[in-house]
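Trainee: output the structure for:
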Amino acid sequence: MTQLRDTTIWITGASSGIGEALALKAAESGAKLVLSARREAELQRVRAACADPSKVAMLPLDLLAFDGEAAVAKAEACFGPIDVLVNNAGISQRSRLVDTSMEVYRQLMELDFFAPVALTRALVPGMRTRKRGHIVMISSIAGRIGAPQRTGYSAAKFALAGFTEAARAELWRDGIQFTAVYPGYVRTQISVNAVKGDGRANGVTDHNIAGGISAEDCADDIWDAVETNQEEVMMGGKEVFYERLKRYAPQLFSFALKRSTPKA
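Mentor: Below is the predicted model:
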């Protein structure tokens, strides 16, 4: 069991959305927090909203340009060794394959796959020495379903799922837990901040996102999964049904996905 009270938790992408909700919930439970994101002013806002700001440290971090081992050293200088790493930071996509530049694909892979891999790889040696640790990978339903207009995003999240499954199998004897999280539609700024094919921000809230579950409910489900050492957790609405449909009726799923995709 991974208890949150008195645990040192490092959350990336903590300046808004799911990351912010995770921080506030963990603070209520008595955890010590290291919060990372690019926007320092927003980190300060989240820190001030936490139950005990004295137990919250800020570590501004640009995941497109960072050194994993140096970042870990700075994080552990705050409250000691990291017990739980939540790889939450990332970016989504809203563009068709034929309209998406290779630069955008590389950006998506850097943020959504290589960055969490780098942080995990840098933290694991210390966790192995201590014989404990918990890595939380915030993926997406798009990491289980190849979602239209998210070719790069889905590719990165599928890759993250494979990495997590393999790492879990390698490291369980060392006392390291892995929880893969697959949220569906959550009411955050994810679609507004998503990149278009030319790298510009999408700037629009999808109607599915607007009708999704709250970030707070998502955070509750994630921490419940962590505290009970669940290897995978999925939350959302009808999109969770489509994941099940793909598993048990793949041809029907493929038919429905194709027909639901708008023409160019």
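Trainee: tell me which residues are up against stretch 142-162.
Mentor: Contact with stretch 142-162 is made by 90-97, 100, 104-105, 108-109, 111-113, 116-117, 137, 139-141, 180, 182, 194, 234, 239, 242-243, 246, 257, 260-262, as judged by CB atoms under 8 Å, 6 or more residues apart in numbering. Just so you know, the C-beta spots here come from the backbone N, C-alpha and C atoms, and that holds for glycine as well.
Trainee: how far out from the middle of the chain is that stretch?
Mentor: 13 Å (CA atoms, centre = their mean, to the nearest Å).
Trainee: name the SS class of A180, please.
Mentor: Three-state call for A180 (DSSP: H, G, I helix; E, B strand; the rest coil): strand.
Trainee: pretty sure it contacts S139?
Mentor: Yes - assessed by CB atoms under 8 Å, A180 is found in contact with S139 at 5.8 Å.
Trainee: what do those two both touch?
Mentor: 160-161, 164.
Trainee: compare these and tell me which is most surrounded.
Mentor: The residue in the shared contacts of A180 and S139 with the most neighbours, by other CB atoms under 10 Å, is T164 (25 neighbours).
Trainee: may I ask you to confirm that it is in contact with V181?
Mentor: No - contact criterion CB under 8 Å: T164 and V181 do not qualify, at 9.7 Å.
Trainee: identify the contacts common to these two.
Mentor: What both T164 and V181 touch, as defined by CB under 8 Å, 6+ apart, is the set 137, 139.
Trainee: report the contact partners of A166.
Mentor: A166 neighbours (CB under 8 Å, 6+ apart): none.
Trainee: kindly recompute the last result at 10 Å.
Mentor: F178 (CB atoms under 10 Å, 6 or more residues apart in numbering).
Trainee: what ranges do the helices span in the stretch 51-200 of the chain?
Mentor: Along the stretch 51-200 of the chain, counting by DSSP state H, counting those that start in this stretch, helices occupy 68-79, 102-109, 115-130, 151-171, 190-193.
Trainee: of all the residues in the fourth one, which ones are buried?
Mentor: Neighbour-count burial for helix 151-171 flags 151-161, 163-164, 167-168, 171 (criterion: 16 or more other CB atoms under 10 Å).
Trainee: could you do the last one as well?
Mentor: With burial defined by 16+ other CB under 10 Å, the residues of helix 190-193 counted as buried are 190-191.
Trainee: just checking, what packs against the next helix or strand after it?
Mentor: Once the chain leaves helix 190-193, the next helix or strand it forms, by DSSP states H and E, is helix 207-210. Under the contact definition 3 or more CB pairs under 10 Å, 6 or more residues apart in numbering; DSSP states H and E, helix 207-210 sits against helix 190-193.
Trainee: now the helix it packs on: average pLDDT?
Mentor: Helix 190-193 carries an average pLDDT of 95.
Trainee: fine by me, we can end here.
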